[in-house]
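Peer 1: Give me the fold of what follows.
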Amino acid sequence: MSAAPDGSEIEFDASYVDPWVGVPLGGGQLKDPVAANDIRRWSQGMQNPNPLYYDDAFAAESRFGRLIAPQSFAVCTDDSHGAAPAIQGTIPGTHMLFGGDEWWFFGPRMEPGDCITRDRMLFDYKVTQTKFAGPTMFSRGDTTYVNQRGEIVCKQRSTSIRYLAEEARKREQFTEDQDPVWTEQQLEKIEQQRWEYFRSYLDLGHDRRLFVNVGEKLPTRPIGPHSIASFTTEWRAFLMSVWSAFRDDGGPNSLMQAGWLPEMSRDLEGAKVDPSLGDGLYHGPSRGHVQQEYAQLIGLPRGYGYGASMGAWILDYITNWCGEWGEVLHSNMSYRSPAMTGDLTLLDGEVIEMHHDHPSGQPVASVKVVMTNQNEDVLASGVAKVKLPTENLPAQP
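Peer 2: Reported below is the predicted structural model:
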């Protein structure tokens with residue numbers, strides 16, 4: 001119980017979450033093997049035109065000798081952006097935003113033909129006061145991604161921000177309901193910067209990034225200006241947006257009873273006739289991303305981007321820089337604010353530390369990443385550990 005600005009008491013009962021902590025969870029499992037076009041569509045949706053992930057001829061000349069998925073692709077194989085284990089237990093009248101993602105990668109790469117399954121569990125939670133919505137729950141849940149050989153590909157620890165939508169509307173922390181206006185000159189400058197970024201990894205090509213020093217700056221990656229069209233394209237890149245792509249494994253899972261507002265709930269019975277009613281974007285908890293009316297219902301001013309996409313932008317940014325001979329080992333990023341329609345997102349990185357004690361004998365760089373918008377507001381930040389190649393590192397089979 002806490003007090004609103006007008007002195008009234010705010011009810012926020014988290015007791016129904018406690019029984020879910022540490023319980024192995026069920027959920028959706030991908031029915032079909034990963035297809036090459038799933039990976040291509042993902043790269044397209046994340047605005048990441050690295051030919052390693054869509055061009056067969058380029059990929060055949062790589063260290064892998066074939067098309068593979070970017071490390072960011074793992075979340076595409078889940079039915080809830082990896083956030084479901086962090087949204088367990090019923091808290092009526094709530095909505096959620098992504099608060100961050102922590103990733104551990106264990107070596108295996110996803111590629112066409114892989115069958116990916118997931119294990120899920122709510123890790124922990126805490127309730128604290130925020131300016132945005134008063135009493136707010138920060139809950140963390142783990143999703144472990146396993147391939148058909150029983151190899152653990154990676155683990156994602158997603159942070160969900162669960163808050164009372166009505167309280168967020170009252171506090172009006174986000175009020176700018178009009179998209180910014182960009183001049184032709186500004187858009188041309190953004191396009192030039194985008195091409196400079198593309199050239200940074202295309203020029204590296206299949207070469208190894210061997211000489212990395214503390215203080216090295218990564219090239220700026222611009223994304224946007226965002227629009228309803230770009231957010232919709234992102235959504236359609238997620239396999240969860242394909243009708244009947246997942247089957248329920250029958251395990252315990254209270255995601256659909258999390259306390260969503262009626263307007264933000266899926267109509268699962270109606271979806272048996274019209275699948276768009278269970279889609280999430282047309283009807284359900286994600287409709288605020290592309291429909292301003294529902295964005296404002298949950299305390300945001302206009303259409304906004306997906307936390308899972310932010311995480312993918314960051315992982316793609318780092319892996320494009322380190323090249324095909326490098327890989328992200330660990331990434332821990334916190335999200336402060338979503339990207340909004342009309343805004344430009346900018347990613348910048350810097351090598352802040354080098355390590356030379358990894359068991360593989362390869363150097364590991366700690367890279368700090370900061371994501372901002374055109375007003376220099378910080379949207380996300382964190383540090384990733386990136387394993388870099390040596391001259392004698394062999395190609396992968």
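Peer 1: Going by C-alpha atoms from here, please, whenever you check contacts or count neighbours.
Peer 2: Noted.
Peer 1: where does the stretch 251-397 of the chain have low pLDDT?
Peer 2: For the stretch 251-397 of the chain, the stretches flagged by pLDDT under 70 are 397.
Peer 1: no wait, the stretch 1-150 of the chain
Peer 2: For the stretch 1-150 of the chain (pLDDT under 70), the answer is 1-9.
Peer 1: So what's the gap between stretch 270-289 and the chain middle?
Peer 2: Relative to its parent chain, stretch 270-289 has a centroid offset of 20 Å by Cα atoms, centre = their mean, to the nearest Å.
Peer 1: Ends of it, what's the gap?
Peer 2: Stretch 270-289 has an end-to-end distance of 22 Å (Cα to Cα, to the nearest Å).
Peer 1: cool, and stretch 66-80?
Peer 2: Across stretch 66-80, first to last residue, Cα to Cα, it's 29 Å.
Peer 1: where along the stretch 151-300 of the chain do the strands fall?
Peer 2: 152-164, 221-223, 246-248 (DSSP state E, counting those that start in this stretch).
Peer 1: Which strands and helices lie in contact with the second one?
Peer 2: By that I understand strand 221-223. When contacts are defined as 3 or more Cα pairs under 8 Å, 6 or more residues apart in numbering; DSSP states H and E, strand 221-223 sits against helix 184-204, strand 345-355.
Peer 1: got JSON lines for the strands of the stretch 151-300 of the chain, with mean pLDDT too?
Peer 2: Converted to JSON lines, the strands of the stretch 151-300 of the chain look like this (pLDDT from 0 to 100):
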{"stretch": "strand 152-164", "mean pLDDT": "97"}
{"stretch": "strand 221-223", "mean pLDDT": "98"}
{"stretch": "strand 246-248", "mean pLDDT": "96"}
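Peer 1: any chance of those strands in TSV, with distance to Val386 too?
Peer 2: Listed next are the strands of the stretch 151-300 of the chain as TSV, based on distance: least, Cα to Cα, whole Å:
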stretch	distance to Val386
strand 152-164	14
strand 221-223	18
strand 246-248	32
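Peer 1: Redo the ones you listed as TSV? Include mean neighbour count.
Peer 2: Output for those, formatted as TSV (neighbours: other Cα atoms under 10 Å):
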stretch	mean neighbour count
strand 152-164	25
strand 221-223	22
strand 246-248	15
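Peer 1: follow-up on the earlier one: of all the helices and strands packed on strand 221-223, which lies closest to Trp103?
Peer 2: Each of those has some distance to Trp103 by Cα to Cα; the shortest is strand 345-355, at 17.6 Å.
Peer 1: quick one: buried residues of the closest one?
Peer 2: Residues of strand 345-355 classed as buried: 345-351, 354 (neighbour count, 16 or more other Cα atoms under 10 Å).
Peer 1: tell me the two of those that are most distant?
Peer 2: Thr345 and Met354 (27.5 Å).
Peer 1: Kindly provide the distance from His133 to Gly305.
Peer 2: That one is not His; residue 133 is Ala. The value you get for Ala133 to Gly305, if Cα to Cα is used, is 19 Å.
Peer 1: which residues of the chain fall in helices?
Peer 2: 36-45, 56-60, 165-171, 184-204, 228-237, 292-297, 307-322 (DSSP state H).
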